[in-house]
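> only geometry, no sequence info:
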């Protein structure tokens with residue numbers, strides 16, 4: 001069973017700040033293994049070829065418009081954490097960044113291609129999948145995604161990427 005899907009997971013440690021060169025940076029946990037509203041669970045161990053995503057780590061707005069790219073990706077046994085750099089494009093400057101900074105947008109979502117999964121006691125578990133993109137979204141599929149706290153700071157932040 002192959003599927004191109006969108007899944008939204010809890011966002012932890014969601015932060016937005018300006019970098020040393022004024023770049024707009026956002027970091028947070030883009031994925032965990034928590035159950036989403038569609039009754040699905042992504043197994044991090046099932047992520048196929050992370051290097052393929054790192055070659056083109058696209059970040060989108062609402063799974064539509066490209067708005068930046070990931071500059072750092074950390075995968076652990078329980079989550080995927082990213083640092084994203086947003087492009088100084090009109091959409092980002094007029095709509096996206098003000099909503100993130102205000103705290104109105106504090107959820108992330110991944111777009112993926114499911115290669116293989118199985119039903120485990122009524123929960124569909126993706127055990128083999130490819131990461132296509134991740135997005136900032138307003139309505140998350142996972143109820144825990146809206147529990148994230150976002151802090152914004154305009155102070156220069158020194159980042160090592």
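Cool, got the structure. Quick caveat, the model's predicted, so the values are computed rather than measured.
> Identify the residues contacting residue 53.
By C-beta atoms under 8 Å, 6 or more residues apart in numbering, residue 53 lies in contact with 73, 130, 131, 132. Every C-beta, even on glycine, is put in place using the N, C-alpha and C of the backbone.
> which among those residues gets closest to residue 48?
Nearest to residue 48, judged by C-beta to C-beta, of the contacts of residue 53 is residue 130 at 4.9 Å.
> The closest one: which element?
Following DSSP states H and E, one finds residue 130 within strand 123-137.
> what are the ranges of the helices in this protein?
Taking DSSP state H as the test, the helices found in the chain are 50-55, 90-91, 97-102.
> With respect to burial, which of those scores highest?
helix 97-102 (a mean of 16; mean count of other C-beta atoms under 10 Å).
> Run through who's touching it.
Here helix 97-102 has contacts from 16, 24, 26, 86, 105, 106, 136, 138, 150, 152, using C-beta under 8 Å, 6+ apart.
> Please report how far residue 79 lies from residue 116.
Residue 79 sits 22 Å away from residue 116, going by C-beta to C-beta, to the nearest Å.
> and if you look at residue 106?
In terms of C-beta to C-beta, residue 106 sits 32 Å off from residue 116.
> These two: who's more crowded?
Just comparing residue 106 and residue 116: by other C-beta atoms under 10 Å the higher neighbour count belongs to residue 106, 24 against 13.
> Return the residues in contact with residue 54.
So residue 54 contacts 70, 73 (C-beta under 8 Å, 6+ apart).
> Need the pLDDT of the closest residue to residue 130 other than its chain neighbours.
Distances taken as C-beta to C-beta, 6 or more residues apart in numbering place residue 113 nearest to residue 130, at 4.5 Å, with adjacent residues excluded. Listed pLDDT for residue 113 reads 92.
> and if you look at residue 155?
We have a pLDDT of 25 for residue 155.
> What about residue 78? Give its phi and psi, please.
phi -120, psi -10 (degrees, to the nearest 10).
> what about residue 93, how many residues close to it?
Number of residues near residue 93 (other C-beta under 10 Å) recorded here: 13.
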